[in-house]
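> A predicted structure for the sequence below; I have some questions about it.
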Amino acid sequence: MIETERLLLRPYVLGDYEPYFAMTAEPAVLRWSAGPLTPQQAWQRLIRLAGHQSLFGYGIFAVLDKVTGEYLGETGIGQFYREVHPDFDGVDEASWTFIGRCHGGGYALEAASAAHFWYGEHRGNDRTVCMIASANIPSRRLAEKLDYRPFAHCIFNDNDMMLFERHETEGRSQAIHEGV
């Protein structure tokens with residue numbers, strides 16, 4: 001478990017399904033990627049994320065409000081094998097997704113910074129990547145705050161995507177600077 005000023009990050013459990021489905025069903029939440037998920041798609045994705053943690057010892061964390069325990073979203077770094085670019089595929093990939101009411105509240109930066117710091121301490125890989133829809137300006141800004149820099153474009157699920165990379169030694173200094 002990872003703790004920040006306002007948040008708890010932990011591996012997914014089966015009890016997260018209902019709030020996870022509610023988040024992934026919000027049209028604004030996944031509009032830049034998969035679009036709203038069906039109940040079956042949300043279930044399969046949740047199981048995949050839990051299995052990733054079990055098999056690799058790292059992955060995407062459920063993000064909870066530290067005081068209320070409310071599910072707010074997810075963030076972390078995992079291995080997703082998207083087959084989009086030779087300098088992207090096979091590299092651990094960062095991800096963040098939050099319920100609509102959290103957008104713009106600094107939750108994603110707080111949680112993703114903590115997850116990146118944890119990853120750097122436990123995994124030690126020098127380079128991570130992320131993929132963001134070119135039109136998703138808020139997520140691109142968050143990536144830049146996390147020290148990601150663009151290096152290529154691709155088409156994924158019929159969307160124009162930007163590929164970003166971060167070198168962990170550079171990112172770790174940013175996370176420490178922010179007190180994570």
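Looks like it arrived, so ask away.
> longest helix in the chain, by number of residues?
When the chain is parsed with DSSP state H, its longest helix is helix 39-56.
> so what touches that one?
11-14, 16-17, 20-21, 24-25, 34, 37, 58-60, 74, 78-79 (Cβ atoms under 8 Å, 6 or more residues apart in numbering). Where you see a C-beta, it was placed from the backbone N, CA and C, and this is true even at glycine.
> in strands only, show me those.
For the contacts of helix 39-56, the ones inside strands are 60, 74, 78, with DSSP state E as the criterion.
> show me which of those is closest to Arg101.
Of all the ones in strands among the contacts of helix 39-56, Arg101 sits closest to Glu74, with 15.2 Å by Cβ to Cβ.
> what's opposite that closest one in the beta bridge?
Ala62, Thr97 (DSSP bridges).
> measure it to Leu64 for me?
Using Cβ to Cβ, to the nearest Å, Glu74 is found at 10 Å from Leu64.
> okay, these two: which has more neighbours?
Neighbour totals were compared for Glu74 and Leu64, and Glu74 leads with 25 against 21 (other Cβ atoms under 10 Å).
> give the buried residues for stretch 90-100.
Using 16 or more other Cβ atoms under 10 Å as the test for burial, stretch 90-100 gives 91-99.
> make CSV out of the residues you listed and add pLDDT.
Output for these, formatted as CSV (pLDDT from 0 to 100):
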residue, pLDDT
Val91, 94
Asp92, 94
Glu93, 95
Ala94, 96
Ser95, 95
Trp96, 96
Thr97, 92
Phe98, 94
Ile99, 92
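> quick check: the farthest pair among those?
Using Cβ to Cβ, these span at most 27.9 Å, a distance reached by Val91 and Ile99.
> tell me the phi and psi of Ala94?
Backbone torsions of Ala94, given as degrees, to the nearest 10, read phi -80, psi 150.
> correct me, but it touches Gly120?
No: applying Cβ atoms under 8 Å as the test, Ala94 and Gly120 come out as separate, 11.6 Å apart.
> need the ones in strands among the contacts of helix 39-56 in JSON lines with pLDDT, can you?
What follows is the ones in strands among the contacts of helix 39-56, written out as JSON lines (pLDDT from 0 to 100):
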{"residue": "Ile60", "pLDDT": "96"}
{"residue": "Glu74", "pLDDT": "96"}
{"residue": "Gly78", "pLDDT": "94"}
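> save those residues as JSON lines, and put in distance to Leu146 too.
Below are the ones in strands among the contacts of helix 39-56 laid out as JSON lines (distance: Cβ to Cβ, whole Å):
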{"residue": "Ile60", "distance to Leu146": "15"}
{"residue": "Glu74", "distance to Leu146": "15"}
{"residue": "Gly78", "distance to Leu146": "15"}
